[in-house]
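K.L.:
Turn this into a structure:
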Amino acid sequence: MNRIREMRKEKGYTQMKLQELTGVDQSDYSKIENGKRNLTLEQCKKLAIILETSMDYLSGLTDQKEPYPRAKEE
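P.N.:
Now for the predicted structure:
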């Protein structure tokens, strides 16, 4: 997933830092970035929040990086 790698680098995060923030194992995360493993819905959601983008952008459904307005958590 080149978009995830691109967004990670734009934010200045290492793979290890994203592993810490998301709880995704570093080797699994590396496989995700290299297209050898798919994200779960929950992993995609966490990454979109951390990278300040939308799940649609990460999955290639849109070219707009800006996130949608998020619902307030109660």
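
K.L.:
Angles on the backbone of the most centrally placed residue in the chain, please.
P.N.:
Most central in the chain under CA atoms, centre = their mean is residue 47, positioned 3.0 Å from the mean C-alpha point. Residue 47 adopts backbone torsions of phi -60, psi -40, taken as degrees, to the nearest 10.

K.L.:
Report pLDDT for it.
P.N.:
In this prediction, residue 47 carries a pLDDT score of 92.

K.L.:
Looks like it contacts residue 57 (just checking).
P.N.:
No - Residue 47 is beyond contact range of residue 57, at 10.4 Å (criterion: CB atoms under 8 Å). C-betas here are computed from N, CA, C, even on glycine.

K.L.:
what's the spacing between residue 60 and residue 6?
P.N.:
Residue 60 sits 12 Å away from residue 6, taking CB to CB, to the nearest Å as the criterion.

K.L.:
Look at those two and report which has more neighbours.
P.N.:
With other CB atoms under 10 Å as the criterion, residue 60 and residue 6 differ in neighbour count, and residue 6 comes out ahead with 13 against 10.

K.L.:
contacting residues around the more buried one?
P.N.:
Contact partners of residue 6, counting by CB atoms under 8 Å, 6 or more residues apart in numbering, are absent.

K.L.:
Please identify the helix or strand for it.
P.N.:
Assigning secondary structure by DSSP states H and E places residue 6 in helix 2-11.
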